[in-house]
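In: Okay, structure incoming, though there's no sequence with it:
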């Protein structure tokens, strides 16, 4: 959801959170995260008008009815 402040979830639980929208902000936040032994949520804002690569994920593009229990496969 655009505009959602997901990073505040970490702050609410005593951690740290950042919202980033540029590669420079992302690099800086990742450097800070990796040097800190804390709970983190990194909210990476993605341009909704950017072109996307086609992705095929069976679990995502499947037409299976997930409301019916599946028998485990052995």
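Out: Received the coordinates, thanks. Quick caveat: nothing in here was measured; it's all calculated off a predicted structure.
In: three-state assignment of residue 41?
Out: Under the three-state scheme (DSSP: H, G, I helix; E, B strand; the rest coil), residue 41 adopts strand.
In: same question, the one 5 residues further on
Out: When the structure is reduced to helix, strand and coil (three-state DSSP), residue 46 reads as coil.
In: That one: how many residues sit nearby?
Out: 9 (other Cβ atoms under 10 Å). In short, each C-beta sits where N, CA and C put it, glycine included.
In: Backbone torsions only: list them for it.
Out: Main-chain torsions, residue 46, degrees, to the nearest 10: phi -110, psi 140.
In: how about the helices in this structure?
Out: 8-12, 23-34, 58-61 (DSSP state H).
In: Name the residues of the first one that come out as buried.
Out: Residues residue 10 are the ones in helix 8-12 that count as buried (16 or more other Cβ atoms under 10 Å).
In: So which elements touch that helix?
Out: Packing partners of helix 8-12 (3 or more Cβ pairs under 8 Å, 6 or more residues apart in numbering; DSSP states H and E): strand 16-20, strand 40-44.
In: Can you lay out these as a markdown table showing mean pLDDT, distance to residue 34 and mean neighbour count?
Out: Below are these laid out as a markdown table (pLDDT from 0 to 100; distance: least, Cβ to Cβ, whole Å; neighbours: other Cβ atoms under 10 Å):
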| stretch | mean pLDDT | distance to residue 34 | mean neighbour count |
| --- | --- | --- | --- |
| strand 16-20 | 94 | 12 | 17 |
| strand 40-44 | 93 | 9 | 17 |
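In: could you dump these to TSV with distance to residue 56?
Out: Below are the helices and strands packed on helix 8-12 laid out as TSV (distance: least, Cβ to Cβ, whole Å):
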stretch	distance to residue 56
strand 16-20	28
strand 40-44	23
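In: With mean pLDDT and distance to residue 47 as new columns, can the helices of the chain be given to me in TSV?
Out: Output for those, formatted as TSV (pLDDT from 0 to 100; distance: least, Cβ to Cβ, whole Å):
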stretch	mean pLDDT	distance to residue 47
helix 8-12	93	22
helix 23-34	94	12
helix 58-61	62	21
